[in-house]
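Asks: how does the following fold in three dimensions:
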Amino acid sequence: MDTTASLQRIARLFEQLSADRLDVLAQIYAPHATFQDPFNRVQGLDAITAQFAHMYAKLHAPRFVVREVTAQAEVGWMTWDFHFALRSGAPAHTIPGATRFALDAQGLVIDHRDYWDACDFYATVPLLGAVVRRLKKAAAS
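Replies: Sure, this is the predicted structure:
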């Protein structure tokens, strides 16, 4: 397996992902893969697909822009920017993050772990965002 080629394919699919193209996740994930981010931990292709479906249902125009892909053996990393709005007409936001992928011998993801600051998301939520931004500012001082 060529890990770099597999990750490049995965990156392209993530950048093209949309609510009506969630079936392509079967080309990325092994049937019993795990997915974890700051809010969720699920296992299995159906549960992973449900996580992405939920994201598309709750956010307006979510999309990923992959910045960098690196690989070593069967493990790879991808850095990305996640663009979204909370609803149509609301301000657009961008959250940077990284993903660690472990791949099987066929180049399918068996473990997907996202790393990003959940406070960056909370800061986009009306009312709560003002509190989070003040706390982050105070912690940085």
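
Asks: so what secondary structure elements neighbour the least confident helix or strand in the chain by mean pLDDT?
Replies: The helix or strand of the chain with the poorest confidence is helix 128-140; it has a mean of 74 (mean pLDDT, DSSP states H and E). Counting contacts by 3 or more C-beta pairs under 8 Å, 6 or more residues apart in numbering; DSSP states H and E, helix 128-140 is packed against helix 118-122. C-beta coordinates here come from the backbone N, C-alpha and C atoms, glycine included.

Asks: which other helices and strands does the helix it packs on contact?
Replies: So helix 118-122, by 3+ C-beta pairs under 8 Å, 6+ apart, packs with strand 92-103, helix 128-140.

Asks: coming back round to it: what sits up against the least confident helix or strand of the chain?
Replies: 119, 122, 123, 125 (C-beta atoms under 8 Å, 6 or more residues apart in numbering).

Asks: in PyMOL, how would I select just the buried ones from these?
Replies: Buried members of these, defined by 16 or more other C-beta atoms under 10 Å, are picked up in PyMOL with:
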select buried, resi 123
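
Asks: adding distance to residue 84 and pLDDT, write the contacts of helix 128-140 out as CSV.
Replies: Shown next, in CSV, are the contacts of helix 128-140 (distance: C-beta to C-beta, whole Å; pLDDT from 0 to 100):
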residue, distance to residue 84, pLDDT
119, 16, 80
122, 14, 74
123, 13, 77
125, 12, 79
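
Asks: greatest separation within the contacts of helix 128-140: which pair is it?
Replies: 119 and 125 (10.7 Å; C-beta to C-beta).

Asks: quick check, pLDDT for residue 127.
Replies: In this model, residue 127 is scored at 69, pLDDT.

Asks: for the residue nearest to the spatial centre of the chain, which non-adjacent residue is closest in space?
Replies: The centroid of the chain falls nearest to residue 114 when counting by C-alpha atoms, centre = their mean (6.1 Å). Sequence neighbours aside, residue 37 is the residue nearest to residue 114 in space, at 3.9 Å (criterion: C-beta to C-beta, 6 or more residues apart in numbering).
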